[in-house]
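Asks: Give me a 3D structure for the following:
(2 chains)
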Amino acid sequence: MAREHTKTYRAGISVIAWAASLTLFFPILWMVVTSFKSELDAFASPPVFLFFDWTLENYHIVQTRSDYFRHASNSVILSCGSTLLALLIAIPAAWAMAFAPSKRTKDTLLWMLSTKMMPPVGVLVPIYLLYRDTGLLDSRMGLVALLCLGNLPIVIWMLFTYFKEIPKDILEAARMDGATTLKEIVYVLAPMALPGIASTLLLNVILAWNEAFWTLNLTTSKAAPLTVFIAAYSSPEGLFWAKLSAASTLAIAPILVIGWLSQRQLVRGLTFGAVK
Amino acid sequence: MSTRQTRTAGRLLVAPSVVLLFVWMIVPLVMTLYFSTLRYSLLDPGSEVYVGLENYRYFLTDPAFFASLVNTLVLVGSVLAISIVGGIFFALLLDQPVWGLPIIRLMVIAPFFVMPTVSALIWKNLFMHPVSGLFAWIARSFGFTPVDWFAEMPLFAIIVIVAWQWLPFATLILLTALQSLDGEQKEAAEMDGAGPVSTFIWIVLPHLARPITVVILIETIFLLTVFAEILVTTGGGPGLQTTNIAFLVYAQALLQYDVGGASAGGIVAVVLANIVAFFLVRLIGKNLEA
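Replies: Modelled structure (predicted):
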């Protein structure tokens, strides 16, 4: 397609593309800029765009508030814990379905997918009551289990689509060359499976990090992650826009980086292999 | 081709996932069904009485149900329309020979990674605040009266926020699909004298039909349960103007402590989602064979 695109065409379309994408990105940009303002500047009308006293004060305040750290570490524990647990359960299953499919494999996969489509409000009441009665309310363990189960179908599906692409002949070739099962796993399977496992891991960390139904409903303080911490800024009397911006920037920064790194795998993971 | 041994091993490996998902889905769902037939208030535990379909009758005839059903449909429909039309626009744009494409891609996809509570509060405060928000300033500098978004058009404000989060998702998927479009087909059409518009209508759009369907189905599943954005901005109000089904069930259960009514609402939500899920699962299943 590198045909007769004139310079003018490229310049014109580039200007449009930059303008459109900057518009879409602007809320994030504006949030980051606001996080460096004093609260007074953040409220200023007309707004100040670049020429104000840039300050790190908000970040300092957010950092020194110990509850920020508690929420951030909860976010890390919940998203990584639930994803690792899901991988542990899903890898054998996806592996078996990709390499030794039976007549029922397809139905099993689709059934697993359908569990993801159940709206969480449908089970909010019993889960809430069960958690309340077993002391799991506001506990990290309870939430790790819940987020793990919620994302398990996606994890299995993603792994399945990756594992399916590993050529089976190569295993037989290795076996013919006298590789032991252990060698087979370490030298042949693992290198081919790891990229798929890694991108599954990244996507599910993102999903769990941003999960805001169960975390808002089942946690209050002890196990509350950043979604809940940010939600606390919704109270009308607390108009701390600069601090809200700083806390928000910190809350989305790691996920933005991971997301940007894994954007290509994202399509595949979120469409269950329907679009590649 | 698989031996009995590998089949057994395969079953053993798949079993934990199946059992866990089954328990996770069936047990709470059966409990919800059971609760939905009881008069059961958290304020008055131990007084549960079987009332049959009373809760459903009550929930379905409650004006709040109809209002929230309409809100849910308006929210889902509008966000879908915005994200599909905008997504096609952005996907076509990013498929062009644009300078600095990697950076543009990063900027376009970014909103999708922002957690719902953050995007809702940033939009509500920094942009839609009736006095100090950026929109208010823009309106004033053009001589208009600023709009009090969450008082005058609360549902539209929520639609804007949610659409901003989902537009990148549609863009990303449609762009991926566009890039798999055979360039030769387009060139052949152009050689036959087809202009850009007819190329788009007759070649590009048909190619996008399936990915668009996928986007519609997947977004619908998530959009039916929009919750955090409503909770931190309007709390369902003013009145019932921004209450959707998910929020109504939440309010009934955890604010009014009406377990029976909330359970009936939850079942209604499950039925609604299942209608969409039915089509999505069939579509993906077809794709699995191809």
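Asks: Can you give the contact residues for stretch A:174-194?
Replies: By Cβ atoms under 8 Å, 6 or more residues apart in numbering or on different chains, the residues outside stretch A:174-194 that reach it are A:162-163, A:166, A:170-171. All C-beta atoms are positioned from the backbone trio N, CA, C, and that covers glycine.
Asks: could you pick out which of the residues you listed are near chain B?
Replies: Restricting those to those touching chain B (Cβ under 8 Å from any Cβ of the partner chain) yields no residues.
Asks: could you point out where chain B is predicted with low confidence?
Replies: By pLDDT under 70, the low-scoring segments of chain B are B:1-3, B:287-290.
Asks: where does the residue sitting nearest the centre point of it sit relative to chain A, distance-wise?
Replies: Most central in chain B under Cα atoms, centre = their mean is residue B:223, positioned 1.8 Å from the mean C-alpha point. Per Cβ to the nearest Cβ, to the nearest Å, residue B:223 is found 11 Å from chain A.
Asks: show me what contacts residue A:62?
Replies: So residue A:62 contacts A:68, A:243, A:246-247, A:250 (Cβ under 8 Å, 6+ apart).
Asks: could you give the mean pLDDT of the helix or strand encompassing it?
Replies: Using DSSP states H and E, residue A:62 falls within helix A:57-64. Averaging pLDDT along helix A:57-64 gives 84.
Asks: same deal with stretch A:232-246?
Replies: Stretch A:232-246 comes out at a mean pLDDT of 77.
Asks: And residue A:114, how close does it get to chain B?
Replies: From residue A:114 over to chain B the distance is 5 Å, taken as Cβ to the nearest Cβ.
Asks: check which helix or strand covers that residue.
Replies: Under the criterion of DSSP H and E, residue A:114 resides in helix A:105-116.
Asks: Show me what that helix is packed against.
Replies: Contact here means 3 or more Cβ pairs under 8 Å, 6 or more residues apart in numbering or on different chains; DSSP states H and E; on that basis helix A:105-116 packs against helix A:66-99, helix A:140-163, helix B:4-35, helix B:259-289.
Asks: relative to helix A:140-163, how tilted is the longest one?
Replies: Helix A:66-99 runs at 40 degrees relative to helix A:140-163, counting by axes from the mean of the first three to the mean of the last three Cα atoms, to 10 degrees.
Asks: which helices and strands does helix A:66-99 pack with?
Replies: Counting by 3+ Cβ pairs under 8 Å, 6+ apart, the packing neighbours recorded for helix A:66-99 are helix A:105-116, helix A:140-163, helix A:190-210, helix A:226-231, helix A:241-261, helix B:4-35.
Asks: Show me the one of the ones you listed that comes nearest residue B:285.
Replies: For those, the distance to residue B:285 is smallest for helix A:105-116, at 5.2 Å, taking Cβ to Cβ.
Asks: residues of that closest one that come out buried?
Replies: A:105, A:108-116 (16 or more other Cβ atoms under 10 Å in any protein chain shown).
Asks: quick one: which of those is nearest to residue B:14?
Replies: After measuring those against residue B:14 - Cβ to Cβ - the closest member comes out as residue A:108, at 6.7 Å.
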